[in-house]
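In: Everything below, folded, please.
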Amino acid sequence: MTAEYKVHGDVAVITLNNPPVNGLGHATRLGITDGLSKANDDAAVKAIVITGAGKAFSGGADINEFGTPKALQEPNLLSVILAVENSSKPVVAAVHSVAMGGGLELALGCHYRIAAPGCNVALPEVKLGLIPGAGGTQRLPRVLGVETALNMIVSGEPVKSEMLASLPGQKLFDKMAASAESLPEEALAYARSVASARPLPLVRNLPCKHPLGDAYFQFARNMVKGMAKNFPAPGKCVDAVEVATRQKFDAGMLAEREIFINLMWTPECRALRHVFMAERAASKIPDVPADTPQRAIKSIAVIGAGTMGGGISMNFLNAGIPVKMLEMKQEALDRGIATIRKNYESQVKRGKLKQDKYEQRMALLSATLDYNDLKDADMVIEAVFEEMSVKQKVFEKLDEVMKPGAILASNTSTLDVNKIAAFTKRPQDVIGTHFFSPANVMKLLEVVRGAKTGKDVLATVMALGKKIKKTSVVSGVCDGFIGNRMIEQYGRQGGFLLDEGCTPSQVDKAIEKFGFAMGPFRMGDLAGNDIGWAIRKRRYTEKPDMKYSKTADLLCELGRFGQKTGAGWYDYQAGKRDAIPSKLVEDMIAEHRKSLGITPRKISDEEIVQRLVYSLVNEAARILEEGIASRASDIDMVYLTGYGFPLWRGGPMLYADQVGLFNVVQAMHRFARNPLDDAKFWQPAPLLAKLVAEGKTFNQ
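Out: Reported below is the predicted structural model:
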């Protein structure tokens, strides 16, 4: 049973016990209603306490039931709360640690509430593209006032119980316990003190008004529109709270339910729920059990003090793990340390980091010019130049000096991790950790599993990724892994679009309007066009039949490598990052077209977006088929956290599902008929063709 019933003298206690956060699954909901019936039938019981075991009162809905019939099976949460309100004996919620979503709505349905300090209180449904669906928008304004409640509902952010208890006129908590430890005893005493009180107070009967209703809600709507233009839920939160101030409680509940159900079917809500589940799924590796023993990582060595090495080091310093950086020259080391210092100092200046924290972090950093000084580190990450011969020297040296059992990681973005592992006598200890630049900011970490990487090494690095607050996604070994292998196809399409009649800014604007943080040409200028050039030169010998537009090579031959040289696809002014369309580049593209005998045509934004996004989808389907990624949602996480794919669209795979895979394939057939495109690439990946034939989707 996930809700335990015990009687303490004249008080019955119902304890939710559904770890880790006492989610309100069907069995738990049944347990609460059964417990209420028992207590009301027992003449010896005078009052009832509802509380949660372990580290939560309740975190709300049980995520294991998301999207299943059990989520709505009676008694649903609305029915449970109704049973609580209708109890003939007083029900006291004893909240501690976490009271969120449905957990907070359950507490609001109780007659009284006692809280331990330090409890995180929130209605976070907006983060899943929803509004609270069990009375949260109707009850919270009645106990906290309209403005405080609406701020909590629209942001979804947790607020501490003691902070809420200190608000003047609040009716959320009737009493604060001295501590979480004393809460059970204090709750029993409080329940006894209200045992004979009648009538039993109900939050639904409290008044709900705002003195400047019209003006306030208009102001709230304008604020929300500006901050969440691509998400419908925050605006709907305002609507639901406004109804609470204008209609009777039952009418407000009906309005809340209607809004909740309508939002549930929006693509944005589906995307946010998908992301929520995908993030959890990414940490689970099919053949690596959750209880796989992990290696202790108490210190890290980083090879290379450049942009990547410095950014990687900061992740571990932020997590309180000592880092030793190695460089070949003292000046390079000094430069790297100065950059880390500067990054932290700017955080201190902006009030994002306290001075003492900054000092603690810098104290964890040490530096050396000698490989032997790294020998005791538990893990070493190399961030040296992206060339196999350079990596070979580094890994042969590491194999020689590192202690047995140390994890040897490469920050390579495209190179073969199996080849790198073969430079050592311990391939089981070698893994790829592909950080994204800037490494101290970007959320994504591609964890590249070599053919011989030990399961314990993989489990350790995934846990470490969590510790340094990264979204870690496992990739198999292939050229470019998941993200860069897909982005190459996206970049190729960008080049063909230039050949056929687009300008760089037209392509960028179309994909940015779709929701990408940055179009392919602005992204190239930021990353450095010389990086793509080096990859293409490698391709010309390795894959001579792969077709590219020559415009990017012509750009690089002019020395226009992007922001770092002040000129790329766009022109840049010193000290500014604004991309200014370049007449020189547009003339160069037109000249190149002419030399190929191409007559430019007008290309719609719709075609631009479809060619760029569907190229990602088709390559991703091949990646899935080859087992490089274990699930479609992992690919979505890579693109949402590393490549600026719009969150409200849920990633390329979910977006393709929502458009309809049949429609995606139809578009691919159209593109294959374009003589200036790459017909071979647009043959749908076998997995994609199979899903269409079976009427299935990537995310079943």
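In: give me the number of residues near the residue lying closest to K397 once chain neighbours are set aside?
Out: Spatially, and ignoring its direct neighbours in sequence, K397 is nearest to Y371 (5.3 Å; CB to CB, 6 or more residues apart in numbering). Quick note: C-beta positions are derived from backbone N, CA and C, even for glycine. Counted with other CB atoms under 10 Å, the neighbours of Y371 add up to 17.
In: Against G432, how distant is Y371?
Out: Taking CB to CB, to the nearest Å as the measure, Y371 falls 21 Å from G432.
In: can you check H669 too?
Out: 36 Å.
In: Those two: which is more packed in?
Out: Shown here are H669 and G432; by other CB under 10 Å, G432 has more neighbours (27 against 12).
In: Give me the three-state assignment for that one.
Out: Using DSSP: H, G, I helix; E, B strand; the rest coil, the structure places G432 in strand.
In: ok, it - contacts?
Out: By CB atoms under 8 Å, 6 or more residues apart in numbering, the residues touching G432 are 409-412, 417, 420, 446-450, 475, 477, 481.
In: Can you tell me which of those are buried?
Out: Of all those considered here, the ones buried according to neighbour count by 16 or more other CB atoms under 10 Å are 409-412, 417, 420, 446-450, 475, 477, 481.
In: Turn those into JSON lines, columns for secondary structure, pLDDT and distance to K70.
Out: Shown next, in JSON lines, are the buried ones among the contacts of G432 (DSSP: H, G, I helix; E, B strand; the rest coil; pLDDT from 0 to 100; distance: CB to CB, whole Å):
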{"residue": "A409", "secondary structure": "strand", "pLDDT": "97", "distance to K70": "42"}
{"residue": "S410", "secondary structure": "strand", "pLDDT": "96", "distance to K70": "44"}
{"residue": "N411", "secondary structure": "coil", "pLDDT": "95", "distance to K70": "43"}
{"residue": "T412", "secondary structure": "coil", "pLDDT": "91", "distance to K70": "44"}
{"residue": "V417", "secondary structure": "helix", "pLDDT": "96", "distance to K70": "42"}
{"residue": "I420", "secondary structure": "helix", "pLDDT": "97", "distance to K70": "47"}
{"residue": "E446", "secondary structure": "strand", "pLDDT": "97", "distance to K70": "35"}
{"residue": "V447", "secondary structure": "strand", "pLDDT": "97", "distance to K70": "33"}
{"residue": "V448", "secondary structure": "strand", "pLDDT": "97", "distance to K70": "37"}
{"residue": "R449", "secondary structure": "coil", "pLDDT": "97", "distance to K70": "34"}
{"residue": "G450", "secondary structure": "coil", "pLDDT": "96", "distance to K70": "40"}
{"residue": "S475", "secondary structure": "strand", "pLDDT": "97", "distance to K70": "34"}
{"residue": "V477", "secondary structure": "coil", "pLDDT": "95", "distance to K70": "40"}
{"residue": "F481", "secondary structure": "coil", "pLDDT": "95", "distance to K70": "37"}
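In: Among those, which one lies nearest to V49?
Out: Of all the buried ones among the contacts of G432, V447 has the smallest distance to V49: 45.1 Å, by CB to CB.
In: residues in contact with that closest one?
Out: 431-434, 458, 461-462, 465, 472-475.
In: picking that back up, surely the residue nearest to K397 and D399 touch.
Out: No. Contact criterion CB atoms under 8 Å: Y371 and D399 do not qualify, at 10.8 Å.
In: what are the ranges of the helices in the stretch 151-300 of the chain?
Out: 161-165, 183-193, 213-227, 233-246, 249-264, 267-282 (DSSP state H, counting those that start in this stretch).
In: and of the ones you listed, who's closest to A332?
Out: Across these, closest to A332 is helix 267-282 (CB to CB), at 34.9 Å.
In: What residues of that closest one count as buried?
Out: Buried residues in helix 267-282 (16+ other CB under 10 Å): 267-275, 277-279, 282.
In: try stretch 332-343
Out: By neighbour count with 16+ other CB under 10 Å, stretch 332-343 contains the buried residues 332-333, 336-337, 339-340, 343.
In: and what of stretch 118-125?
Out: Quick answer for stretch 118-125 (16+ other CB under 10 Å): 119-125.
In: and what of stretch 168-175?
Out: 172-175.
In: So which elements touch the helix or strand of the chain at the bottom of the mean pLDDT ranking?
Out: Taking mean pLDDT, DSSP states H and E as the measure, helix 529-542 is the helix or strand of the chain with the lowest mean score, a mean of 87. Secondary-structure packing of helix 529-542 (3 or more CB pairs under 8 Å, 6 or more residues apart in numbering; DSSP states H and E): helix 551-557.
In: Output the contacting helices and strands for the helix it packs on.
Out: So helix 551-557, by 3+ CB pairs under 8 Å, 6+ apart, packs with helix 483-500, helix 529-542, helix 583-596.
In: okay, those, which one's buried deepest?
Out: Compared across the helices and strands packed on helix 551-557, helix 483-500 shows the largest average neighbour count, a mean of 22 (mean count of other CB atoms under 10 Å).
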